[in-house]
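J.: Would you be able to build a 3D model of this:
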Amino acid sequence: MRTNRQRFRAGFTLIEIVVAFAILGLASGVIMSLFGSASTKVMRTENERLAVLSARSAAALIDNEVPLEVGAWQGHMYGKVEWAISIQPYQTEAAIEQSNSSVPPATIPYLVTVHTSVGSGSNQASAAITSLRLKTGAP
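T.: Got it, this is the predicted structure:
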């Protein structure tokens, strides 16, 4: 037979309910922060992809809109992409020896560096491409 005391203990106490709600609140806070940071990471990844593709597109401008000669150029592309191209003479030991002679070289090497930047704040991404380009000269 049950006594009044045993029948009274059949439910949850107020402390147990408060602890359960606290755990539920912490768990939902963690889940919400994960979803929030995931969208930020997706945006950053998209900006990184756009920066690399834009760097390749800016490199394609060389010899079309940007002359292959020593200097620096800057510009903007779609999606608020900023690009900068720097062209420097590339000096190897053979080029230095040949520059001392009176015969002009048949090809002139240039070191080309393309930098791009996309986005702002925590979503900003950038890319850089460095390549060697040869300009044919009159022998």
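J.: quick one: average pLDDT of the longest helix along the chain?
T.: Counting residues, the longest helix found in the chain (DSSP state H) is helix 14-60. Helix 14-60 shows a mean pLDDT of 87.
J.: by contact count, what packs against that helix?
T.: strand 71-77, strand 81-89, strand 107-118, strand 125-136 (3 or more CB pairs under 8 Å, 6 or more residues apart in numbering; DSSP states H and E). All C-beta spots, glycine's among them, are computed from the backbone N, C-alpha and C.
J.: Which residues does stretch 29-47 contact?
T.: 118-119, 122-125 (CB atoms under 8 Å, 6 or more residues apart in numbering).
J.: coming back round to it: of the helices and strands packed on helix 14-60, give the one that comes closest to residue 24.
T.: Among the helices and strands packed on helix 14-60, strand 125-136 comes nearest to residue 24, with 37.0 Å by CB to CB.
J.: top of the contacts of stretch 29-47 by neighbour count?
T.: Within those, most neighbours by other CB atoms under 10 Å means residue 118, with 26 neighbours.
J.: which residues does that residue contact?
T.: Residue 118 touches 47-48, 50-51, 54, 79-82, 124-126, counting by CB under 8 Å, 6+ apart.
J.: Just the buried residues of these.
T.: 47-48, 50-51, 54, 81-82, 125-126 (16 or more other CB atoms under 10 Å).
J.: What is the most widely separated pair among those residues?
T.: Maximum pairwise distance among the buried ones among the contacts of residue 118 (CB to CB): 14.7 Å, between 48 and 82.
J.: and the longest helix of the chain, how far out from the chain's middle?
T.: Computed by CA atoms, centre = their mean, to the nearest Å, the chain-centroid distance of helix 14-60 equals 17 Å.
J.: which other residues reach stretch 124-139?
T.: The contact list for stretch 124-139, computed with CB under 8 Å, 6+ apart, reads 44, 47-48, 50-52, 54-56, 59, 62-63, 68-69, 87, 90, 103-119.
J.: quick one: buried residues of stretch 82-95?
T.: Along stretch 82-95, these residues count as buried under the neighbour rule (16+ other CB under 10 Å): 82-83, 85, 87.
J.: Dump the residues you listed into TSV; add pLDDT and distance to residue 20 as well.
T.: Formatted as TSV, the buried residues of stretch 82-95 follow (pLDDT from 0 to 100; distance: CB to CB, whole Å):
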residue	pLDDT	distance to residue 20
82	92	52
83	93	55
85	94	61
87	93	66
